[in-house]
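Engineer: how does the following fold in three dimensions:
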Amino acid sequence: MKAVLLVAEKEIHEGIRNRWVVAATLLLAALALTLTFLGAAPAGRVGVGALEVVVVSLSSLSVFLLPLIALLLSHDAVVGEMERGTLLLLLTYPLARWQVLLGKFLGQVAILALATVLGYGAAAAALVASGAQIAPDGWWAFGYMIGSSVLLGAAFVALGTLASTLVRDRGAAAGIAVGLWLLLVLLWDMGLLGLLVADQGEHLSGSVVDALLLLNPADAYRLFNLAGLADVRSLTGMAAMGGESGLSPSLLLAALVAWALLPLAAAAALFSRREL
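Structural biologist: Just a heads-up that it's a prediction; the model follows:
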């Protein structure tokens, strides 16, 4: 485990030196603060707490932004090291290939978690400083959102790592990363909606729809955050869908964990057999 942590530490140091990682943290903070003060203004008029409104806004932001940041971090985890010639040097140390891959994964998830906690934490701190009254349920919802956001990022880091083990060119890895983002963040829900409209409730049962939602980590994240708390549920139509489905919060959380572990395991299996 020490070897894995050393690789993770190396990845964190390299990530912190990259200006775009700092820029991503500042971007998250700036957008979170903007959404906080724009979204919290009508909170008293709609009868919900200010932090619950912020949770809805930040959850919607996270679905689009965190997967993109995660894929930018991880798409060249393997192929980038190969092109720079540093992977062979790294493997001259007493490290197994799976240790290198796991260390890089943990380091990148740690960078993403740091950016998320600092960026979104700034929004919560600003809300407290403004004198807003926040109920305990609001803090629980905010904590759930932070934790599940890190899991969402971890899922896309794992997918980006898998893409990086499949190709021998950084450009191809970047293309796969963009394709994954478009498919899972933008196109999946549009296709599912079109399928439901075309079916008109004749063939697709609720369990089939639930399974299709679980096949997308972005949808699992949306449902987990927007359907778990009563005050949050009242703010969004997506939560109403989640409330009628058979997907419990624990199942949705397990789906996010599976999306983080299974692609990483597949990447480790492929990397162990890859010729360098």
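Engineer: for the stretch 101-250 of the chain, which segments count as strands?
Structural biologist: Along the stretch 101-250 of the chain, no stretch is classed among the strands by DSSP state E, counting those that start in this stretch.
Engineer: what's the local residue count around Gly147?
Structural biologist: By the criterion of other CB atoms under 10 Å, Gly147 has 16 neighbours. All C-beta spots, glycine's among them, are computed from the backbone N, C-alpha and C.
Engineer: so what's Tyr221 up against?
Structural biologist: Ser59, Ser62, Val63, Ser148, Ser149, Leu151, Leu152, Leu252, Leu256 (CB atoms under 8 Å, 6 or more residues apart in numbering).
Engineer: one more pass at 6 Å, please.
Structural biologist: Under the criterion of CB atoms under 6 Å, 6 or more residues apart in numbering, the contact partners of Tyr221 comprise Ser148, Leu152.
Engineer: that one and Leu102, how far apart?
Structural biologist: In this structure, Tyr221 and Leu102 are separated by 23 Å, where distance is defined by CB to CB, to the nearest Å.
Engineer: can you check Asp137 too?
Structural biologist: 36 Å.
Engineer: the more surrounded of those two?
Structural biologist: Neighbour totals were compared for Asp137 and Leu102, and Leu102 leads with 21 against 15 (other CB under 10 Å).
Engineer: wait, isn't that one in contact with Ala3?
Structural biologist: No - in this structure, Leu102 is not within contact of Ala3 by CB atoms under 6 Å, at 9.4 Å.
Engineer: need the helices for the stretch 1-150 of the chain, in chain order.
Structural biologist: Residue ranges of the helices in the stretch 1-150 of the chain, as given by DSSP state H, counting those that start in this stretch, are 2-17, 19-39, 43-46, 50-74, 79-84, 86-91, 97-129, 136-166.
Engineer: so which of the ones you listed gets nearest Leu184?
Structural biologist: Closest to Leu184 of those is helix 50-74 (CB to CB; 6.9 Å).
Engineer: what angle separates the closest one from helix 97-129?
Structural biologist: 150 degrees (axes from the mean of the first three to the mean of the last three CA atoms, to 10 degrees).
Engineer: what's the average pLDDT for helix 50-74?
Structural biologist: The predicted model gives helix 50-74 an average pLDDT of 87.
Engineer: go through it and flag the buried ones.
Structural biologist: Residues of helix 50-74 classed as buried by neighbour count (16 or more other CB atoms under 10 Å): 50-63, 65-67, 69-74.
Engineer: show me the shaky parts of the stretch 151-276 of the chain.
Structural biologist: Along the stretch 151-276 of the chain, segments meeting pLDDT under 70 span 201, 228-246, 276.
Engineer: run the last query once more with 80
Structural biologist: Applying pLDDT under 80 to the stretch 151-276 of the chain picks out residues 199-206, 226-247, 274-276.
Engineer: apart from its neighbours in sequence, what residue is nearest Gly103?
Structural biologist: In space, not counting the residues next to it along the chain, Gly103 is nearest to Val7; the distance is 2.5 Å by CB to CB, 6 or more residues apart in numbering.
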